[in-house]
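Student: Here is a sequence together with a model predicted from it:
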Amino acid sequence: MQRYFLSRILQSILLLFGVLFLVFFMVRITGDPAALMMPRTASPEQIEAFREAMGFNRPLIVQFVDFVRGVMVGDFGNSLHFKTPALPLVLERLPATLQLATAAMLMAMLVGIPLGLIGGLNPGSIMDSLARGLALLGQSVPNFWLALILISFFAVKLGWFPSFGRDEWKSVVLPAFALGLSTMGQLARLTRSSTLEIRSEDFVRTAYSKGLHPRTIYAKHIFRNVAIPLVSVIAVQFGYMLGGSIYIEFIFSWPGIGQLLQQAIGWRDFPLVQAIAVFTSLAVLALNLLTDVAYVLIDPRIRYGIR
């Protein structure tokens, strides 16, 4: 088991360096970073002075090494717009994004998993039709379009929920549902298909033949095996919600990392963009490590290297 975890940690470190490489060079392959960051009205002398101040006139390998060193100590440079260190600005917006992503994931899990489980245990039933309909709806409806429809109907027409901002608990309902519907559909589809597959396995039929209570079979034999692929989907989708909720946060004026990223791109604040990109990548890598730990706890075969 130690070898298993060590290999996953080594993979995460290699992926981290790959992310740093991409983040660093993506700014530079689009052109002169000094010209991109400066206003369009800046003179050549101002651009050259900015290039000198930022160190863009040094060799790329030297700039990359300095960038990696700064990341290791949490130094991403100063935001060009706020004139303050970039990382504290990201951490300041983190609670709002965590609140939105957690609410969206809870909605998706509380609806998608039970619905898919019931549908898989009762194929052809009304609940099975609902599970398939939810899966189709979640995969086909764009979340930004859904957000606009939710605002138009529930906020403007009915007045049940606020249309923007982060104030009371009601303000999180609409953006969380818009963000979580796609994951809700994925969980319903995956749970249903996995349940249909596992309920026909030999060990499930053997459990029935032994006279075990159906609830025991559902909990220990069916759902435990269904949970293995669900863990991976939940971790990946939660990472997407942390780093990919830019449209939802922008539409609902939610003061999170996604909205900050949209503003930083508009301001050409590349140090802040780099800080957000690296931070969200680290969050996804950490979620992947936690997923590997959850795999070992759910399926002991992984602990002993059994395929």
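Tutor: Received it, and whenever you're ready, just let me know what you need.
Student: Quote the end-to-end distance of stretch 41-61.
Tutor: By Cα to Cα, to the nearest Å, the extent of stretch 41-61 from end to end equals 30 Å.
Student: Residues contacting that stretch, please?
Tutor: 28, 32-35, 37-38, 63, 66 (Cβ atoms under 8 Å, 6 or more residues apart in numbering). Any C-beta I mention is one placed from the backbone N, CA and C, and that applies to glycine too.
Student: same deal with stretch 5-24?
Tutor: Under the contact criterion Cβ under 8 Å, 6+ apart, stretch 5-24 has outside partners 63-64, 67-68, 71, 274, 277-278, 281-282, 285, 288-289, 292-293.
Student: Pick the one among these closest to Ile246.
Tutor: Set against Ile246, the nearest of the contacts of stretch 5-24 by Cβ to Cβ is Ala277 (11.9 Å).
Student: list the contacts for that closest one?
Tutor: Listed by Cβ under 8 Å, 6+ apart, the contact partners of Ala277 are 19, 23.
Student: List the buried residues in the helix or strand hosting it.
Tutor: Here Ala277, judged by DSSP states H and E, is contained in helix 270-298. Residues 270-281, 283-285, 287-288, 291-292, 294-295 are the ones in helix 270-298 that count as buried (16 or more other Cβ atoms under 10 Å).
Student: so Ala275 sits right up against Leu89, yeah?
Tutor: Yes. Taking contacts as Cβ atoms under 8 Å, Ala275 lies within contact range of Leu89: 7.5 Å.
Student: so how far is Pro175 from Gln99?
Tutor: Separation of Gln99 from Pro175 (Cβ to Cβ, to the nearest Å): 10 Å.
Student: Which one's more surrounded, those two?
Tutor: Remark: of Gln99 and Pro175, Pro175 carries more neighbours, 28 against 18, as counted by other Cβ atoms under 10 Å.
Student: My guess is that one contacts Leu148. True?
Tutor: No. Checked against Cβ under 8 Å, the pair Pro175 and Leu148 is beyond contact range at 11.8 Å.
Student: what do the two both touch?
Tutor: Common contact partners of Pro175 and Leu148 (Cβ under 8 Å, 6+ apart): Ile251.
Student: Let me know the pLDDT of Val65.
Tutor: For Val65, the model assigns a pLDDT of 90.
Student: Ser245 too?
Tutor: So Ser245 comes in at 76 (pLDDT).
Student: In contact with it, which residues are there?
Tutor: Under the criterion of Cβ under 8 Å, 6+ apart, the contact list for Ser245 reads 97, 100-101, 179, 254, 256-258.
Student: Would you reformat those as a markdown table and include neighbour count?
Tutor: Shown next, in a markdown table, are the contacts of Ser245 (neighbours: other Cβ atoms under 10 Å):
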| residue | neighbour count |
| --- | --- |
| Thr97 | 24 |
| Leu100 | 29 |
| Ala101 | 26 |
| Leu179 | 31 |
| Trp254 | 25 |
| Gly256 | 25 |
| Ile257 | 30 |
| Gly258 | 27 |
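Student: Of all pairs in those residues, which one spans the longest distance?
Tutor: Across those (Cβ to Cβ), the longest gap, 13.0 Å, separates Leu179 and Ile257.
Student: List the first helix or strand encountered after the host helix or strand of Ile13 toward the C-terminus.
Tutor: Using DSSP H and E, Ile13 maps to helix 2-29. Downstream of helix 2-29, the next assigned helix or strand under DSSP H and E is helix 33-37.
Student: List phi and psi for Pro85.
Tutor: Main-chain dihedrals, Pro85, degrees, to the nearest 10: phi -50, psi 140.
Student: for it, what are its contacts?
Tutor: Residues counted as contacts of Pro85 (Cβ under 8 Å, 6+ apart) are 75-79.
Student: Can you say which of the residues you listed are buried?
Tutor: Using 16+ other Cβ under 10 Å as the threshold, 76-79 are the buried ones among the contacts of Pro85.
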